[in-house]
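Student: Sharing a model that was predicted from the sequence below.
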Amino acid sequence: MLTEKQKLEVLTTLGTELNQVKDLDILMEHILTEARRVVNADAGSIYIRDKDQLRFTYTQNSTLQERLPEGAKLIYNIFTIPADKSSIAGYSAVTGQALNIQDVYRLESTVPYRFDQRFDETAGYETHSVLAVPLKTVREEVIGVLQIINAQNEQGNIIPFSEEDERMMVHFASMATVALERAQMTRTLILRMIRMAELRDPKETGAHVNRVGAYSVEIYERWAKEKNISAKEIQTKRDVLRMAAMLHDVGKVAISDQILKKPARLTEEEFEIMKQHTFFGARLFIDKKSDFDEAAAQVAMSHHEWWNGKGYPGHVDLTTAGPGLSFSIEQLKPRGKRGDEIPLFGRIVAIADVYDALASKRAYKDAWDEADILETMENGAGEQFDPELIRVFLSSIDVMRSIQQRYPDKEE
């Protein structure tokens, strides 16, 4: 439990820390972790406003997490509630006011909001003290709600949030909102690039790339923890991987519609042209200015490499190619990268991309049954995929299912 001095020190450095996180999903996780730490709360959630709805976007709960096996993650459903005064989060969103409630089961009959007990009943949890704080921009626009649950004293007993806790969370929320706006802008820019690719290739949708990004982060995080990589490095790498994975196929914008949208099987010559999307994508990031540029170039270039060396494009030096990239991989006949020659992020995204392709319905195919998908992926270990990463992937399948529900395809 933090002292008052430590709480102030956290708030002093928090703005800088939050602004170092670029990906929206990872930022929300970081915001909730730090908010709970500052006021010693057992649980919390973030709602993001979408017009007249609040989308339940992220949650943490230490009590429920402790009930899970070691290494397992808390699985939660994504849902929306009206942005109105009927709920605690909704009231905070529409009024722009913080709510500090001592016990949600003892609300006065005169207040317009009510606590929905269904979560507690389903999860076997007891919510009591709640602090709901609007995420308000400098323009006084509420973009979401930070909701912290069950303050605890040093003995671990549930207590009400203090007035000082409320003041701290209001200050915290103002800093978090600045970081969230910036991260939302970054996500929007990435999705605009994806929509550009989607105009060329209907398979390259926002839902698809969000899933591939989320799958990739889950695989990396579990692998990294097994390797005893520091929490700080994991946090940094997750951030750049999430965004880089979303842009894995952005090079398809340079491929002809005759090939991308061909309803039949590609000829050998057409497939050689299709392969070029890997280095077209990597070329977008060749003038590297950041870790993200490095990661995005690696992923774009190597997510079709195979563990056994039979993938593509292989050992191609982008710096020697002319601006038009008129050569083909077949003409160069490069040696395929194999094993650890393939960058880690490329090996991870290869698994995430294939899994999502098999699990997704498209105009030209139905989604595969999960049992067939997992059998195919497992059989590809040591051939197409890194066998160690496939093991990690298979151990994470419950989280993969939840990611599919979080980013569903639009109905055709």
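Tutor: Received, thanks. Residues are numbered from 1 along each chain as shown.
Student: my guess is residue 96 meets residue 136, correct?
Tutor: Yes: Residue 96 lies in contact with residue 136 (C-beta atoms under 8 Å); the separation is 5.8 Å. The way it works is simple: take the backbone N, C-alpha and C, and place the C-beta from them, glycine included.
Student: tell me, what's touching those two both at once?
Tutor: Shared contacts of residue 96 and residue 136 (C-beta atoms under 8 Å, 6 or more residues apart in numbering): residue 142.
Student: higher neighbour count, these two?
Tutor: When neighbours are counted by other C-beta atoms under 10 Å, residue 96 and residue 136 differ, and residue 136 comes out ahead with 21 against 11.
Student: burial measure for the residue lying closest to the more buried one once chain neighbours are set aside, as a count.
Tutor: Once flanking residues are discounted, residue 136 sits nearest to residue 142: 5.3 Å by C-beta to C-beta, 6 or more residues apart in numbering. Residues near residue 142, counting by other C-beta under 10 Å, number 19.
Student: Quick one: residues contacting residue 142.
Tutor: 49, 92, 93, 94, 96, 134, 135, 136.
Student: same thing with residue 65?
Tutor: residue 74.
Student: isn't residue 145 right next to residue 89, touching?
Tutor: Yes: using C-beta under 8 Å, residue 145 is in contact with residue 89, at 4.4 Å.
Student: Please identify every residue contacting each of these two.
Tutor: Taking C-beta under 8 Å, 6+ apart as the contact rule, residue 145 and residue 89 both touch 47, 54, 132.
Student: from those, which is closest to residue 312?
Tutor: Among the shared contacts of residue 145 and residue 89, residue 47 lies closest to residue 312 (C-beta to C-beta), at 43.5 Å.
Student: In terms of helices and strands, where is the closest one?
Tutor: Secondary structure assignment for residue 47, by DSSP states H and E: strand 41-50.
Student: Show me the contact partners of that strand.
Tutor: Residues contacting strand 41-50 (C-beta under 8 Å, 6+ apart): 28, 31-32, 35-36, 54-64, 80-81, 83, 89, 93, 125, 127, 131, 142-152, 158, 161.
Student: Can you tell me the element residue 177 falls in?
Tutor: Going by DSSP H and E, residue 177 is in helix 163-200.
Student: now for that helix, which elements pack on it?
Tutor: With contacts taken as 3 or more C-beta pairs under 8 Å, 6 or more residues apart in numbering; DSSP states H and E, helix 163-200 sits against helix 4-20, helix 24-39, strand 99-101, strand 130-136, strand 142-152, helix 206-226, helix 231-246.
Student: Tell me which of the ones you listed sits most buried.
Tutor: Counting by mean count of other C-beta atoms under 10 Å, strand 130-136 has the highest mean neighbour count of those, with a mean of 25.
Student: Can you list the strands that that strand pairs with?
Tutor: As defined by DSSP bridges, the strand partners of strand 130-136 come to strand 99-101 (antiparallel), strand 142-152 (antiparallel).
Student: how about the CA coordinates for that strand, as PDB?
Tutor: What follows is strand 130-136, C-alpha atoms only, in PDB (Å, rounded to 0.1, in the frame of the first residue of the first chain):
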ATOM      1  CA  VAL A 130     -16.900   2.500  -6.300                       C
ATOM      2  CA  LEU A 131     -15.100   5.600  -7.700                       C
ATOM      3  CA  ALA A 132     -16.200   6.600 -11.200                       C
ATOM      4  CA  VAL A 133     -14.200   9.400 -12.800                       C
ATOM      5  CA  PRO A 134     -15.000  10.900 -16.200                       C
ATOM      6  CA  LEU A 135     -12.100  11.000 -18.700                       C
ATOM      7  CA  LYS A 136     -12.600  14.600 -19.800                       C
END
